Structure formats: structure tokens, C-alpha cells
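# When you get a sec, could you give me coordinates for this:
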Amino acid sequence: MASYPEDVLKRLQATELEIIDAVADVCARENLNWFLIGGTVLGAKRHGGFIPWDDDIDMGMLRADYDRFLEIAPAALPEGFELLSPMDTPGYAPMFAKVCKTGTHFCAQEAVDAGVDIGIFVDIFPRDRVAADPVLQKRQYRAARTYTRASYLYHSDHITRVPAGLYGKLARKAFPLVHRVLHAVGDEDEIRRRFREQTVVSENAHATECASFTSPSMKPLPLAMFEHPELVEFEGRMFPAPSPAEEYLTAAYGPTWGEVPPPEKRKSHAPVILDFGDGVNVMEGLQ
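Below is the predicted model:
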């Protein structure tokens, strides 16, 4: 996987800040609760902004706010920004939304294979209530993993993030066959419908924990942590984050989250196409 030249990464991060500022303004006008999540919270607490080698911003919303945002965003976002979401974007594999800067391009190989054009973006992940019943909870998690994988493999036979070792090698060899089978017998709308049907469960209305079933890390956490966010500094801005943020980070990354990892463990997700809107793919020749 290619890495970014430093000036390109800084420019990418600056563009993502434009996007999150636009999303935050919409949420403020519409009284929608949102919060930073994942490595973006880690960056805020450990670095005061981006993790220096990180190339994305992750936001989260509880399900009701997330669904409302998807409803209003196409009209509410300012000119120059657009919403991509599972149910409204053909060829789009993720089960979560993105807000992109129009005219730009940020495409991993999976997006190229699927024929979907994705701009430089901020990810928005819904958090759903987790069933208290262990049997139902296990069913939720199994469905989330199954249909998330099915969606990516329906759209592409090239999956970037796979386990290391023998299992990963075998999985990579199987991807092209699984992709062809899913394309022959599957339907992207049906995959999405089944994902939502089996993870967003109305019987969980009184649950005390929630999870982001659309993301690789789906550990359940207390709902209260996200209902009343705290403000953290991120690149000179004050943004909401799960509260207490340190407790969230310990749950997500372990007690050593404040330690900077060695260079060999610093990872980003460089695409095959990165165009800031001037028609130049700055990743060309770096693959």
C-alpha cells in the first residue's frame, strides 16, 4: 500500500476539516447530537487534533439522529458537499454514510472496482442499541459481520483489510469466487435491507449499551457515554466526543492509548486515486 507525501497528507487533512465544519454546522442548525469517534477522539486527546499520520475523520451519531441527518443532508449541506449513503448510492459498499467534497476524488481499489466515485470524505457511523439478551446480541453481531462482508464482496473482489497470516492468504484467494457468486445470486439492496433489519432492532428500546455495527470495531459501550458528549479540542476547534473521553479510549484501545506507537505500527488508508479537484491523481506512481 502506498503512503502519502507529507504535503499531500496535510492538504487532505485540511480538506477533511472543511467537510466536518460543514457537517457540524448542519447538526447545530437541526439540533442533532453527534460526536467524534475512534482514532479521531484518540487524536484529539493525544495530539490535540489529527494523529499525525492519520488520513480520515470519523464521526458518530445515535440511530435517530443519524437517520434524521440522512433525511435532511442532501438539502441542508452547503454547496460543494454531498452525502453518500447505503440506500441512496448505487455501487456503494459501506453500511455507513460519508459526506464528501464535490469535485474531489478519493477512491480505494474497492470503489474503483464497484464503479462508484467517492470524493474526499468524512465518515459518519450510526450507533445502535445492543440487545440485552445474550442470544439476541450474538445474532445482531453475526448479522452485522455477515452482511457487511457480503456488501464489500458483492461490490469488489479486492478487500484491503484482511487478517494477516495463512487465513488472510486463503481469504484473498477466495474473494474473486465469492464476488462472482454474490453478483450472480445476490442483490445490493437486499443485502442492505437484511443488514438493517437484523441489527436495528426495535425491541432494544430499553437497552443500556450501543455499538457501531457498521464499523470493524463493534464493541458495545454504555449508551450514556454518547447521549451527553463532552467537548474536546481538535485542530483549534471544540468538537463533541464520547464522555468521559478517557474512559471511551481505554475501552476502545486499552490503557496504553496515550502512548505513541512505533513507526512500523502507524497506518493510514491511502487510496489509489486522490484528486483534490484539479484533475491530478497525486497517488499516481506511488502504488
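
# okay, CA-based contacts and neighbour counts for the rest of this
Will do.

# Run through the helices of the chain in chain order.
Using DSSP state H, the helices of the chain run over 6-30, 38-47, 63-76, 109-114, 134-155, 165-185, 188-199, 224-227, 245-253.

# deepest of those helices, which one?
Comparing those by mean neighbour count (mean count of other Cα atoms under 10 Å), helix 38-47 ranks first with a mean of 21.

# list the helices and strands that helix packs on?
strand 58-62, strand 230-234, helix 245-253 (3 or more Cα pairs under 8 Å, 6 or more residues apart in numbering; DSSP states H and E).

# In JSON lines: those, plus distance to Val272.
Compiled in JSON lines, those are given as follows (distance: least, Cα to Cα, whole Å):
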{"stretch": "strand 58-62", "distance to Val272": "20"}
{"stretch": "strand 230-234", "distance to Val272": "28"}
{"stretch": "helix 245-253", "distance to Val272": "28"}
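
# Turn these into JSON lines, columns for mean pLDDT and distance to Val8.
Conversion of the helices and strands packed on helix 38-47 to JSON lines gives the following (pLDDT from 0 to 100; distance: least, Cα to Cα, whole Å):
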{"stretch": "strand 58-62", "mean pLDDT": "97", "distance to Val8": "19"}
{"stretch": "strand 230-234", "mean pLDDT": "98", "distance to Val8": "20"}
{"stretch": "helix 245-253", "mean pLDDT": "95", "distance to Val8": "28"}
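
# Go through those and name the closest to Phe121.
Closest to Phe121 of the helices and strands packed on helix 38-47 is strand 58-62 (Cα to Cα; 9.6 Å).

# how far does the closest one sit from the chain's center?
Here strand 58-62 is found 9 Å from its chain centre; the criterion is Cα atoms, centre = their mean, to the nearest Å.

# Tell me the strands beside that strand, with direction?
strand 35-36 (antiparallel), strand 121-129 (parallel) (DSSP bridges).

# which residues are contacting that strand?
33-40, 122-128, 226-227 (Cα atoms under 8 Å, 6 or more residues apart in numbering).

# So among those, which ones count as buried?
33-40, 122-128, 226 (16 or more other Cα atoms under 10 Å).

# wait, which of the residues you listed is closest to Trp257?
Looking across the buried ones among the contacts of strand 58-62 and measuring by Cα to Cα, the closest to Trp257 is Gly39, at 10.1 Å.

# my read: the closest one touches Trp53, true?
No: counting by Cα atoms under 8 Å, Trp53 is not a contact partner of Gly39; they are 11.0 Å apart.

# Identify the residues contacting Phe106.
Asp117, Ile118, Gly119, Ile120, Phe121, Pro271, Val272, Ile273, Leu274, Asp275.

# From Leu12, how far out is Gly279?
Counting by Cα to Cα, to the nearest Å, the gap from Gly279 to Leu12 is 15 Å.

# What of Arg145?
30 Å.

# Pull the number of nearby residues for the residue nearest to Pro90 when sequence neighbours are not counted.
Nearest residue to Pro90, sequence neighbours excluded (Cα to Cα, 6 or more residues apart in numbering): Val116, at 7.5 Å. Val116: 16 surrounding residues under other Cα atoms under 10 Å.

# Look at Val116 and report its pLDDT.
Note on Val116: pLDDT of 86.

# One more: Glu188?
84.

# So it is in contact with Tyr154, correct?
Yes: under the criterion of Cα under 8 Å, Glu188 makes contact with Tyr154 at 7.2 Å.

# quick revisit: now for the helices of the chain, which one comes closest to Ala205?
Between the helices of the chain, helix 63-76 lies closest to Ala205; by Cα to Cα that is 11.3 Å.

# Could I get the average pLDDT for the closest one?
98.

# residue contacts, the nearest residue to Leu32 once chain neighbours are set aside?
Of all residues not flanking Leu32 in the chain, Asp65 sits nearest, at 5.6 Å (Cα to Cα, 6+ apart). Shown in contact with Asp65 (Cα under 8 Å, 6+ apart): Leu32, Asn33, Trp34.

# Name all residues that make contact with the residue lying closest to Ala144 once chain neighbours are set aside.
Excluding its sequence neighbours, the residue lying closest to Ala144 (Cα to Cα, 6+ apart) is Phe213, at 5.7 Å. By Cα under 8 Å, 6+ apart, Phe213 lies in contact with Pro126, Arg127, Asp128, Tyr141, Ala144, Arg145, Thr199.
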